[in-house]
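Novice: Provide a 3D model corresponding to the input given below.
(3 chains)
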Amino acid sequence: MSGSLKLLKLINVILEHVYKFLGLTNPIPEVINAFITAAISFAVISVFVMFLVWMERKVSAHMQSRIGPNRVGPFGLLQTLADAIKLTTKENMEPQKRDKIPYFIAPIIAFVATFMGVVVIPLDKGVTIQNLNIGVLYIIAITSFTVIGILTAGWSSNNKFSLIGGFRSAAQIISYEIPLVLSLVPVIMITGTLDLQKIVEYQAHAGYWFVGPQIIGFLVFLTASTAESNRAPFDIPEAESELTGGFHTEYSGIKFAMFFLGEYISIIIGSSVAVSVFLGGWIAPAFMNFLPVPGFFWFVIKVLLVIYLIMAFRWTFPRLRVDQLMDFGWKILIPIAILNIFLTGLWILWFSKGV
Amino acid sequence: MNCEDLKNKLEMDFKEQVHSLNITPQKEVILTARDENYLDICQSLFSKPEYDFKHLSCLTAVDYIKENKITVVCHLWSYSQKCQLTVKLETNREQPRVPTVEKIWKSANWFEREVFDLYGVIFEGHSDLRRIMMPDDYKKFPLRKDFADDGFIVKPN
Amino acid sequence: MTDLLLSQIDINSNSLTETDEYIVNLGPQHPATHGVLRLVVKLDGEVVKETMPVLGYLHRSIEKICENRTYPQCITYTDRVDYASAMSANLAYAMAAEKLLNIEIPPRAQWLRMIFVELQRIASHLLWLGAFAGDLGAFTPFLYGLRERERVLDLFEMTCGQRLTYNYIRIGGVMIDVLPEFVEKCRLFLDYFFKKVDEYEELLTYNPIFLERTKGVGFITPEEAINWGLAGPSLRGSGVSCDIRKQQPYLFYDQIDFKEEISYGGDCWSRYKVRMNEMRQCVSIIRQCLDHMGPGAVEAKLPPVLKGPNGQEAYSRIESSRGEMGVYLVGNGTPKPWKCKFRCASFNNLSVIDKLTRGWKVADIMAVLGSLDIIIPEVDR
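Specialist: This next block holds a predicted model:
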């Protein structure tokens, strides 16, 4: 049993005793548990996002021969906190002719939709916030809701740049959803399950990570998930030099912060799924098996590496044009992903016959 | 082609069509066209291969308030003959109207809009004669010598 | 109710599928317009139907001001005509004034002018590179470009004390001789910079996304380009030999061995390539200038008051960083010019934007605008 699981069990036992002492019966303890989990995961994720923003700044600074933030806190680590405080205390400017309710709801939808994906990520052996046997499907479904938030934001801001940005985003996310799903299908075919935890366990038993046999799938997934999270070189919905801010042109203060947070969470989810499905999740690399560290540690390290890769994309490439982006999605990524499924099917057929 | 050659050639071709044709101490050939021949001269300077003035380098105007005239000045450059020519056309100050050369050199489009904006010269036949720098509802012509505005004090020159 | 609504719609008319033009104002305050340019863009979805530039947001009537200043006083205003390439503007005006007033300049001053104008060309192209890449969504080259530009500006600061508006090239020569250590520092910079150009090219030139965005975009044929009055690197990108340094050599450019960079594509990528190669040529020109430069005076003997001869005029052109820059001066026997006109490359380069972007996507406006190297103070003056 892994260390983190033991810890969770311990907390659970303590909580059970507390509930017994208070004389509470189901479903009240379950509800309280859910709230505690949500609060903890929200706090952890927010801190992680803050760290990522700092990391992004440092990575970009390094790539551009700058220093990056170094004033607030050690190595500028608290710079993001300072920015967050600034954003939350800022005056909330709203355009006069906005569509009031959608304008208010849009950032919430965009943020919540991405955030809900965190639920099924396998953090360690047996440790998931809520394990679902359709985990992969759930993540894909729930993160697609972001597009509704973005489209609503673009529409309700009553700004032409926002509207164009919203439409671009809708077109982009819908088209890149397809290669994203298709790139995961071969792994599901091999493992025969949609449960992320089981996919990782399969890799632990098999002794290899799917990034080897499924390298094509991995690359397609990485590209598509970068596009999903509106990151450069696929950042046309918020293309700064064309659309000023794209769909969030008219948002400021905490509402803008929610879009910003949502973008980073979607990066985290994208890379977490990539790590779980293709890079062996919480499994330690074979040559480092002897180290007495929990699987959670390896999971975080791998996620950070993938995120670093995505950041490096952003700071090296120019932005694609909208039609080129569509061409790339439909004419290159989807055929490759389908071919990959086909090849995997042949492989499974041949392999099972051999047995 | 040096400026003497150019002057002799121009003299041969456009003798009757010009007011004056001379070389300045700055070694520039200046041709002052008659009103009715201005467009023909420009057209043949543009299309004749021995001139080949394909490039309208600059088009502007000068306000000679004492002589009561505005002169439209075109500076031409020939990439093949490597020579420079100044073509001038004079018009009166009250009703400044000159034909447009936009159909010959497209670059004249904006140059002429600028001259219209700042001097009030009307280019007949121009496709899009609007103010280019000043606001659309502006009434005055700032580069004229008698221009006066509340914020702008003209010093005696 | 439904029947009523349906009966109002004529099935045969295309009112159900009719689309409206979408008019977007890019600017005057917009991250990609390099200043306060306003582009009114008519869109059909993402496709550009018409681009209408609206100028004048930075009009400071420099030409009118110059008519009310003496000849030497005007130099400070030329700095503001093109602030990203102020040395070239200084030179253009000084040369026109010298032509009008018939002034001879000592050789050392000429060599210095060449060195500084070419250094300025490097600085200006670096700024353009950053802005162009930024327009295409790659932010990193901007900081790379500014890093090296900083060192050029250090050289300027060392000589004339200014980093943006120099007022260094004066009528009759230059303001002041360079410091003794300037030559060595300049050579050090050139050696350092020559390698850096390869670094920029590595980052962009054959990057597949960059090629996608610039190849074939904003195409213009050589004949049309000349007719529209394009100049400088933008025209050479269409394959026209138009470098005034070769066509009508001024200063000592006829004594220098350098290549006129031409690219035949006529698209954004060719214009980009011309500028990149030009930076390398600048290095070679400056090196030769440093070799040729001998000691001597840097300023000609001038009369205490410069008076433009009455009724005479001069039009002088130079190859500035953005292309052809001409200054037209008319004298009237007083210390002030009767007329002072700046012919700036950006003005004409901007006028083709509608032609180059029609039928392309919104994002291509940025690519074209960036590749033409527009600077707004030069357009509006």
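
Novice: Which of the three states applies to the closest residue to residue B:84 other than its chain neighbours?
Specialist: Distance criterion Cβ to Cβ, 6 or more residues apart in numbering or on different chains; nearest residue to residue B:84, sequence neighbours excluded, is residue B:77 at 5.5 Å. From N, CA and C alone the C-beta is placed, and that goes for glycine too. Secondary structure state of residue B:77, per DSSP: H, G, I helix; E, B strand; the rest coil, is strand.

Novice: Residue B:77 touches residue B:55, doesn't it?
Specialist: Yes. If you go by Cβ atoms under 8 Å, residue B:77 and residue B:55 touch, sitting 4.4 Å apart.

Novice: near chain B, which residues of the stretch 101-250 of chain C?
Specialist: Residues of the stretch 101-250 of chain C lying near chain B by Cβ under 8 Å from any Cβ of the partner chain: C:102, C:224, C:226, C:227, C:228, C:229, C:240, C:241, C:242, C:247, C:248.

Novice: Would you check which pair of the residues you listed lies furthest apart?
Specialist: Distance extremes for those: the farthest pair is C:102 and C:224 at 38.7 Å, using Cβ to Cβ.

Novice: tally of neighbours for residue A:283?
Specialist: 19 (other Cβ atoms under 10 Å in any protein chain shown).

Novice: which ones are touching it?
Specialist: A:200, A:203, A:204, A:209, A:295, A:298 (Cβ atoms under 8 Å, 6 or more residues apart in numbering or on different chains).

Novice: check contacts around residue C:102.
Specialist: Applying Cβ under 8 Å, 6+ apart to residue C:102 gives the contacts B:25, B:26.

Novice: If you count neighbours, what's buried in stretch A:121-137?
Specialist: For stretch A:121-137, a neighbour-count test (16 or more other Cβ atoms under 10 Å in any protein chain shown) marks A:121, A:122, A:123, A:124, A:125, A:126, A:127, A:128, A:132, A:135, A:136 as buried.

Novice: Kindly report the residues of chain B close to chain C.
Specialist: Neighbours of chain C within chain B, by Cβ under 8 Å from any Cβ: B:24-26, B:28, B:30, B:54-58, B:60, B:62-63, B:73, B:75, B:77, B:79, B:82, B:84, B:86, B:105-107, B:109-110, B:114, B:118, B:131-135, B:142-143, B:147, B:152, B:154-155, B:157.

Novice: quick one on the thing from earlier: with pLDDT and distance to residue A:336 added, can I get the contacts of residue A:283 in CSV?
Specialist: Shown next, in CSV, are the contacts of residue A:283 (pLDDT from 0 to 100; distance: Cβ to Cβ, whole Å):
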residue, pLDDT, distance to residue A:336
A:200, 85, 25
A:203, 84, 23
A:204, 82, 28
A:209, 83, 20
A:295, 76, 32
A:298, 83, 29
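
Novice: can you name the two of these that are farthest apart?
Specialist: A:209 and A:295 (13.8 Å).

Novice: Okay, now the unreliable bits of the chain?
Specialist: Here I'm looking at chain A. Across chain A, the ranges flagged by pLDDT under 70 are A:1-5, A:239-241, A:353-355.

Novice: nope, chain B
Specialist: B:149-157.

Novice: Tell me where it has helices.
Specialist: Using DSSP state H, the helices found in chain B span residues B:3-14, B:38-47, B:108-119.

Novice: Could you check the last one and say which residues are buried?
Specialist: Buried residues in helix B:108-119, counting neighbours by 16+ other Cβ under 10 Å, are found at B:108, B:109, B:110, B:111, B:112, B:113, B:114, B:115, B:116, B:117, B:118, B:119.

Novice: Which stretches in chain C count as strands?
Specialist: C:22-26, C:38-44, C:47-54, C:169-170, C:173-174, C:313-320, C:323-330, C:339-343 (DSSP state E).

Novice: In CSV: the ones you listed, plus mean neighbour count and mean pLDDT.
Specialist: Output for these, formatted as CSV (neighbours: other Cβ atoms under 10 Å in any protein chain shown; pLDDT from 0 to 100):
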stretch, mean neighbour count, mean pLDDT
strand C:22-26, 17, 83
strand C:38-44, 17, 86
strand C:47-54, 17, 87
strand C:169-170, 24, 88
strand C:173-174, 26, 86
strand C:313-320, 26, 89
strand C:323-330, 26, 89
strand C:339-343, 24, 89
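
Novice: How about chain A: which residue is closest to chain B?
Specialist: Closest residue of chain A to chain B, Cβ to the nearest Cβ: residue A:160 (22.5 Å).

Novice: How many neighbouring residues does that residue have?
Specialist: 17.

Novice: What distance do you get for it to residue C:136?
Specialist: With distances taken as Cβ to Cβ, to the nearest Å, residue A:160 is found 22 Å from residue C:136.

Novice: One more: residue C:145?
Specialist: Taking Cβ to Cβ, one finds residue C:145 at 14 Å from residue C:136.

Novice: Would you enumerate the residues in contact with the residue of chain B found nearest chain C?
Specialist: Closest approach of chain B to chain C (Cβ to the nearest Cβ) occurs at residue B:107, with a separation of 2.6 Å. Shown in contact with residue B:107 (Cβ under 8 Å, 6+ apart): B:56, C:227, C:228, C:229, C:348, C:351.

Novice: With residue B:126 instead?
Specialist: Here residue B:126 is in contact with B:100, B:102, B:109, B:112, B:113, B:116 (criterion: Cβ under 8 Å, 6+ apart).
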